[in-house]
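Trainee: Pasted the sequence and its predicted model underneath.
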Amino acid sequence: MTFKTNKILLQKHFTYNKRSLVLWSILFTIVFCLGFVFRMQKHDIKYDINQYNVITSDGIGYYSYLPSTFIKKEHQISDNQDHYINFDRTPGNKQNKYFVGTSILMAPFFITTHLITKTLHAIHPNESYRPNGYTFPYQLAICFAGVFYLILGLFYFKKLATKLSIKREIIFFLIILFALGTQLLELASYESSFSHIYAFFTISISLYICNEFTRKPRLHYFLGLVFFLSLLLLIRPTDILIALCFPIFILINGNSKQIISWFLKQRVAYLYTLLIGGGLLFIQLYYWKLQSGSFILWTYTDEGFDFSSPAFFEVLFSYKKGLFVYAPLLFISLIIILLSKLDKWLKIWFLIFFIANNYVISSWWCWWYGGSLGMRPWMDFIPIILILLGLALNQFHFRVRSAFYLTALFCIPLNIVYSYQYSWGIMHWDSMNYEKYWQTFMKTSSDFDFITYDPSTPYKDYKVIDSITVNIRETEKINIIDKNNMFITLFEAQSDSIFSNNYGTYVKVEFDGKVEFMRASANLTCNKNLKNSTENIQKSKRIIQYIRSSQKWMHKEIVFDFGKGRENESDFSIFLYNNQLNKFWFKNFKVTFYNYFD
């Protein structure tokens with residue numbers, strides 16, 4: 001090969017890499033900007049832990065290892081987020097219920113940001129960038145980290161797809177479609193403190209290394225696979241089910257005999273496996289030891305799997321959180337894979353993985369996984385779906401592929417609208433159903449903000465016999481409830497003075513209220529204690545189900561239906577509870593008891 005030929009090849013390679021860098025940069029900017037606008041600009045935040053930021057909800061637990069280790073140096077979760085920790089063993093001893101792996105991947109961004117923020121604050125003190133781990137620079141850094149790992153995960157998909165001879169045009173469209181047309185968009189930017197985008201990246205690079213190893217078994221590939229699978233265990237332990245897909249790459253590369261021979265000859269590889277895997281897993285054990293005094297700990301108290309009654313089809317098809325309802329691109333992809341001319345054993349192994357993984361996901365006690373857009377645990381596994389979809393499309397004629405692209409492109413605006421609705425409270429965070437879904441389908445008007453948060457009025461069809469009204473805190477004095485004053489009893493009485501054994505009773509509580517921001521945790525609770533028993537009858541509702549705007553006074557009523565009274569009831573109380581620093585202001589409380597029959 002002549003010098004001139006080499007020069008031409010280098011120029012082509014440089015031009016291609018430069019073009020790729022521009023495209024990756026554009027995609028990064030789009031995802032980052034969408035997430036920044038949806039999350040940060042919506043809520044008029046003050047860039048502190050008490051506000052509704054990128055580091056929120058479960059993400060507080062995943063992230064809190066970093067400020068606890070590098071700033072507080074106490075190895076425990078922040079004191080003002082008790083909802084996301086587990087109190088266990090020793091009174092007052094706190095353990096972070098979440099695993100440490102997500103923090104490991106966030107660490108480079110956190111450390112860099114902390115050093116910069118600390119320096120800037122020393123030069124020019126400012127509340128907006130106090131080096132406490134939660135001010136604006138840290139929020140921005142975690143948003144940046146989420147998008148970075150999305151792009152890096154897609155980059156390793158591209159590398160793997162190229163190795164498998166998937167056409168460049170297919171790779172390009174799949175990257176765009178899945179980055180913008182699935183909940184990867186929201187999890188990488190809007191909720192980048194959650195574990196899913198980090199698991200997505202880890203699975204993507206694991207599949208790439210697995211393919212390299214099954215193509216040409218080498219020690220460094222094997223150890224790389226051990227490292228990232230161990231890291232995956234520290235991010236989301238159940239995601240280790242991705243290992244069920246590894247035989248797919250053995251089938252693709254047709255190299256099973258060489259792989260078996262390699263394993264039979266190894267000695268040192270097993271020692272390295274123990275050192276690498278054990279070393280990474282020891283990080284979690286070490287934190288547990290520091291937090292609880294024990295190396296082995298189950299932090300998800302009162303939570304777990306129920307493998308006897310999985311919500312298998314609800315996970316896939318329900319309006320509450322169904323995978324195929326909120327990510328229809330994955331349904332189209334599954335159909336393409338199954339109808340393609342891929343080797344039947346590839347399809348069989350994929351179906352084994354799909355069914356086993358969905359079974360585990362749907363067996364979790366909270367199968368809808370709390371607050372999220374769609375079925376977030378499935379987003380971790382998109383890399384294997386991308387690979388098989390790419391291989392399937394590779395076998396179709398260009399006209400068929402074009403039809404797929406045109407159909408799938410509609411998923412991008414649909415997903416962006418979903419993300420917008422979720423961020424602005426049009427779509428409820430965990431209580432969607434058939435009526436709410438179609439009531440708000442593709443709606444973006446402010447008239448629909450928090451409309452799915454409105455509760456039903458269970459008393460509207462009842463025939464009221466009589467009622468009694470009690471005014472509570474009726475003056476214009478404004479009361480505040482937050483973590484510093486987290487429990488306020490509004491009303492107490494003997495149950496038999498209110499509830500009848502002959503008629504049903506519902507309780508209507510009216511008040512003027514204002515919340516600091518739209519994830520305020522204040523709850524209004526009605527409680528009945530039972531005679532000679534530690535049990536009680538309790539009904540509780542979140543204030544933000546009723547107050548649909550922050551920083552604005554609203555007059556609201558909340559209704560609790562208790563039905564008929566019971567002879568063993570002792571006393572009845574109404575109280576407010578708020579275990580976080582975000583404030584709920586209230587005044588003019590009034591409660592009315594209605595006796596009714598249907």
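Mentor: Looks like it came in fine. Numbering: from 1, shown residues only.
Trainee: which stretches of the stretch 151-300 of the chain form helices?
Mentor: For the stretch 151-300 of the chain, the helices defined by DSSP state H, counting those that start in this stretch cover 168-181, 184-185, 196-215, 219-235, 246-253, 256-265, 268-292.
Trainee: Dump those into JSON lines; add mean pLDDT and mean neighbour count as well.
Mentor: C-beta coordinates here come from the backbone N, C-alpha and C atoms, glycine included. Formatted as JSON lines, the helices of the stretch 151-300 of the chain follow (pLDDT from 0 to 100; neighbours: other Cβ atoms under 10 Å):
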{"stretch": "helix 168-181", "mean pLDDT": "96", "mean neighbour count": "20"}
{"stretch": "helix 184-185", "mean pLDDT": "95", "mean neighbour count": "26"}
{"stretch": "helix 196-215", "mean pLDDT": "96", "mean neighbour count": "26"}
{"stretch": "helix 219-235", "mean pLDDT": "95", "mean neighbour count": "20"}
{"stretch": "helix 246-253", "mean pLDDT": "94", "mean neighbour count": "20"}
{"stretch": "helix 256-265", "mean pLDDT": "89", "mean neighbour count": "12"}
{"stretch": "helix 268-292", "mean pLDDT": "89", "mean neighbour count": "15"}
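Trainee: Ile547 is nearest to which of those?
Mentor: helix 184-185 (28.8 Å; Cβ to Cβ).
Trainee: What helices and strands are in contact with the closest one?
Mentor: Other helices and strands packing on helix 184-185, by 3 or more Cβ pairs under 8 Å, 6 or more residues apart in numbering; DSSP states H and E, are helix 3-36, helix 411-423.
Trainee: before we move on, back to that, out of the helices of the stretch 151-300 of the chain, which is closest to Asn126?
Mentor: Closest approach to Asn126 among those is made by helix 196-215 (30.0 Å; Cβ to Cβ).
Trainee: which helices and strands sit right next to the closest one?
Mentor: Helix 196-215 packs on helix 101-123, helix 136-163, helix 219-235, helix 246-253, helix 382-394, going by 3+ Cβ pairs under 8 Å, 6+ apart.
Trainee: how much space between the residue nearest to Phe295 when sequence neighbours are not counted and Tyr98?
Mentor: Nearest non-adjacent residue to Phe295, counting by Cβ to Cβ, 6 or more residues apart in numbering: Leu285, 4.7 Å away. Distance, Leu285 to Tyr98, using Cβ to Cβ, to the nearest Å: 15 Å.
Trainee: Please apply the same query to Phe307.
Mentor: 22 Å.
Trainee: Compare the two and say which is more crowded by neighbours.
Mentor: Taking other Cβ atoms under 10 Å, Phe307 and Tyr98 do not tie; Tyr98 has more neighbours (26 against 11).
Trainee: Let me know the helix or strand that the closest residue to the more buried one other than its chain neighbours is in.
Mentor: Using Cβ to Cβ, 6+ apart and skipping the chain neighbours, the partner closest in space to Tyr98 is Gly61 (3.6 Å). Using DSSP states H and E, Gly61 falls within helix 58-63.
Trainee: now do Lys514
Mentor: Using DSSP H and E, Lys514 sits in strand 504-515.
Trainee: next helix or strand past that strand?
Mentor: The helix or strand immediately downstream of strand 504-515 is strand 523-530, counting by DSSP H and E.
Trainee: Show me the contact partners of that following strand.
Mentor: When contacts are defined by Cβ atoms under 8 Å, 6 or more residues apart in numbering, strand 523-530 is touched by residues 495, 499, 507, 509, 536-543, 558, 560, 562, 566, 568-578.
Trainee: distance between that strand and the chain's centre?
Mentor: Remark: strand 523-530 is offset 30 Å from the chain centroid, using Cα atoms, centre = their mean, to the nearest Å.
Trainee: pLDDT weak spots in this protein?
Mentor: 1-16, 39-52, 73-94, 454-468, 472-477, 483, 517-520, 548-549, 579-581, 598 (pLDDT under 70).
Trainee: if we can go back for a sec, are any of the contacts of strand 523-530 buried, and which?
Mentor: Buried by 16 or more other Cβ atoms under 10 Å: 495, 499, 507, 509, 541-543, 558, 560, 562, 569, 571-576, 578, out of the contacts of strand 523-530.
Trainee: Mind checking which of these land in strands?
Mentor: 507, 509, 541-542, 558, 560, 562, 569, 571-576 (DSSP state E).
Trainee: Please render the residues you listed as TSV that adds distance to Leu184 to the earlier fields.
Mentor: Below are these laid out as TSV (distance: Cβ to Cβ, whole Å):
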residue	distance to Leu184
Val507	44
Val509	42
Lys541	33
Arg542	29
Ile558	37
Phe560	40
Phe562	44
Glu569	51
Asp571	51
Phe572	48
Ser573	46
Ile574	44
Phe575	42
Leu576	39
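Trainee: Max pairwise distance over those residues: which two?
Mentor: Maximum pairwise distance in these, criterion Cβ to Cβ, is 25.2 Å, between Arg542 and Glu569.
Trainee: Distance of Asp255 relative to Ser294?
Mentor: To be clear, residue 255 is Asn; Asp isn't right here. 44 Å.
Trainee: and Val509, what does it touch?
Mentor: Val509 neighbours (Cβ under 8 Å, 6+ apart): Leu490, Leu524, Glu557, Ile558, Val559, Phe560, Ile574, Phe589, Lys590, Val591.
Trainee: Repeat that for Ala145.
Mentor: Counting by Cβ under 8 Å, 6+ apart, the residues that Ala145 touches are Leu105, Met106, Phe109, Ser192.
Trainee: So of those residues, which two are at opposite extremes in space?
Mentor: Leu105 and Ser192 (11.0 Å).
Trainee: the more surrounded of the two?
Mentor: Using other Cβ under 10 Å as the criterion, Leu105 and Ser192 rank with Ser192 on top: 31 against 23.
Trainee: any idea how far the more buried one lies from Ile111?
Mentor: 17 Å.
Trainee: do Leu152 as well
Mentor: Distance of Leu152 to Ile111, computed by Cβ to Cβ: 18 Å.
Trainee: and if you look at Ala392?
Mentor: For Ala392 relative to Ile111 (Cβ to Cβ), the value is 42 Å.
Trainee: Between these two, which is the more surrounded one?
Mentor: Ala392 (24 against 13).
Trainee: For the longest strand seen in the chain, enumerate the helices and strands it packs against.
Mentor: In the chain, with assignment by DSSP E, the single longest strand is strand 584-597. When contacts are defined as 3+ Cβ pairs under 8 Å, 6+ apart, strand 584-597 sits against strand 463-472, strand 479-481, strand 487-494, strand 504-515, strand 569-577.
Trainee: Give the buried residues for it.
Mentor: Buried residues in strand 584-597 (16+ other Cβ under 10 Å): 584-596.
Trainee: contacting residues around Tyr577?
Mentor: Applying Cβ under 8 Å, 6+ apart, we find Tyr577 in contact with Ile481, Met486, Phe487, Ala522, Asn523, Thr525, Ser540.
Trainee: Make a ChimeraX selection of the buried ones in the residues you listed.
Mentor: Those of the contacts of Tyr577 that count as buried under 16+ other Cβ under 10 Å are selected in ChimeraX with:
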select :481,486,522,523,525
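Trainee: Count the neighbours of Ala122 for me.
Mentor: Applying other Cβ under 10 Å, we find 9 residues neighbouring Ala122.
Trainee: Report the contact partners of it.
Mentor: Neighbour list for Ala122: empty [criterion: Cβ under 8 Å, 6+ apart].
Trainee: And for Ser318?
Mentor: Counting by Cβ under 8 Å, 6+ apart, Ser318 touches Ala311, Val325, Trp368.
Trainee: ok, it to Ala141 distance?
Mentor: For Ser318, the distance to Ala141 (Cβ to Cβ) stands at 35 Å.
Trainee: Name the nearest residue to Ser57, sequence neighbours excluded.
Mentor: Take Ser57 and drop its neighbours on the chain: the residue closest to it by Cβ to Cβ, 6+ apart is Gly371, 5.7 Å away.
Trainee: Confirm for me that that neighbour is in contact with His428.
Mentor: No. Using Cβ atoms under 8 Å, Gly371 is not in contact with His428, being 9.2 Å away.
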